[in-house]
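Novice: Sequence first, predicted coordinates after that:
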Amino acid sequence: MQRPSDQWLNYHVWANDQLFTHLEQLPEEVFHADVTSVFPSVAQALGHIYLFDQLYLSVLEGVPSEDIFPKMPIWSEETKGKSVGEIRQLFAGVADRFRDLLQHTPDPDMAMTIHHPKYGSLDTRFSDILHHVVNHGTYHRGNVTAMLRQQGYAGVPTDYLFFLLGRQAGTPSL
């Protein structure tokens, strides 16, 4: 039986894939077009999701914050100037690492303490951080939908309910 944490990760990956499939059908200039929004372009919004997926993956892997923060500019640079397909590949690599981590995590509800240089320590659970990753991605996929609508294009449904309906109908979601 699938654990809830695995299902949440599968949803996050599915929703990102839905978005990438939709973006690949639009003119490439839509991806990099300047918009007045939370992010200056769809590409930069996805770059932000990628950056924080990497950051929280590192947190869940137990990497100390002093080793994570210097990598943030590198992760940010990895998405700059890339096409939809290239960024999709970066996301796929992170998804594979998340899956591997979950596969090797016997108790996704295990307690953990996160240390942040500015905000201090947080006693939490592995699964809470994974939920944060999913919630963060959901929020910013909504930003992307708004940015697409600003440019005259529809968004794509990525709500959790659509993921569940697809699984129930036997539609491959991953």
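Specialist: Sure thing, it's come through.
Novice: contacts, neighbours, all on C-alpha from now
Specialist: OK.
Novice: In this protein, where is pLDDT below threshold?
Specialist: 1, 171-174 (pLDDT under 70).
Novice: which other residues reach the longest helix along it?
Specialist: Using DSSP state H, we find that the single longest helix of the chain is helix 126-150. Here helix 126-150 makes contact (CA atoms under 8 Å, 6 or more residues apart in numbering) with 5, 8-9, 11-12, 16, 19, 30, 35, 37-38, 41-42, 45-46, 49, 52-53, 56, 60, 108-112, 154-156.
Novice: now do stretch 61-68
Specialist: Applying CA under 8 Å, 6+ apart, the set of residues contacting stretch 61-68 from outside is Leu55, Ser58, Val59, Leu101, His115, His116, Pro117.
Novice: how distant is that stretch from the center of its chain?
Specialist: Averaging C-alpha positions (CA atoms, centre = their mean, to the nearest Å) puts stretch 61-68 19 Å from its chain's average.
Novice: Can you check the distance spanned by it, start to finish?
Specialist: 11 Å (CA to CA, to the nearest Å).
Novice: just stretch 63-75 next, same as before
Specialist: 15 Å.
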